[in-house]
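# only the shape, not the letters, is given here:
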């Protein structure tokens, strides 16, 4: 009888630990999903179309991200800040950059180096 009680207690304890672990994993997944959703929403979006970028200027806060989208049918673009930037963006491609420090970040499409494909991201401290 004592063996049966101990066995039952062990099973209940194991089930309880399993349920606690399951709740903890669910909470972790919720936190991770919230973080991904927060990062997935850019503070601003630049669009390349007809060999121009629009808008050509935006202002964000530190820690926020900006996206560049290539809406061209055939052309490719390269977002170039000088010291960093994107790889080649083909039609439909998207490039995102997070800005963690205040400042003015000037960019140009180095694939074409055309005045209509230049812009600036103004980053304010939070």
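Structure received. Just so it is clear, the structure is predicted and the values come from calculations on it, not from any experiment.
# measure the nearest residue to residue 71 once chain neighbours are set aside to residue 118 for me?
In space, residue 71 comes closest to residue 49 once its chain neighbours are excluded; the distance is 4.3 Å by CB to CB, 6 or more residues apart in numbering. Every residue, glycine included, has its C-beta placed from N, CA and C. For residue 49, the distance to residue 118 (CB to CB, to the nearest Å) stands at 15 Å.
# domain ranges for the protein, per the record?
The chain is divided into the following domains under automatic domain parsing: 1-40, 44-124.
# lowest-confidence stretch among the ones you listed?
Mean pLDDT values for these show the minimum at domain 1-40, a mean of 51.
# quick one, what contacts residue 72?
Counting by CB atoms under 8 Å, 6 or more residues apart in numbering, residue 72 touches 48, 49, 50, 51, 91.
# which one of those residues is nearest to residue 122?
residue 48 (19.7 Å; CB to CB).
# circling back to that earlier point, need the contacts of residue 72 in TSV (columns: distance to residue 41).
Below are those laid out as TSV (distance: CB to CB, whole Å):
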residue	distance to residue 41
48	20
49	22
50	26
51	28
91	23
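# redo the residues you listed as JSON lines? Include neighbour count.
Below are those laid out as JSON lines (neighbours: other CB atoms under 10 Å):
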{"residue": "48", "neighbour count": "25"}
{"residue": "49", "neighbour count": "13"}
{"residue": "50", "neighbour count": "10"}
{"residue": "51", "neighbour count": "13"}
{"residue": "91", "neighbour count": "13"}
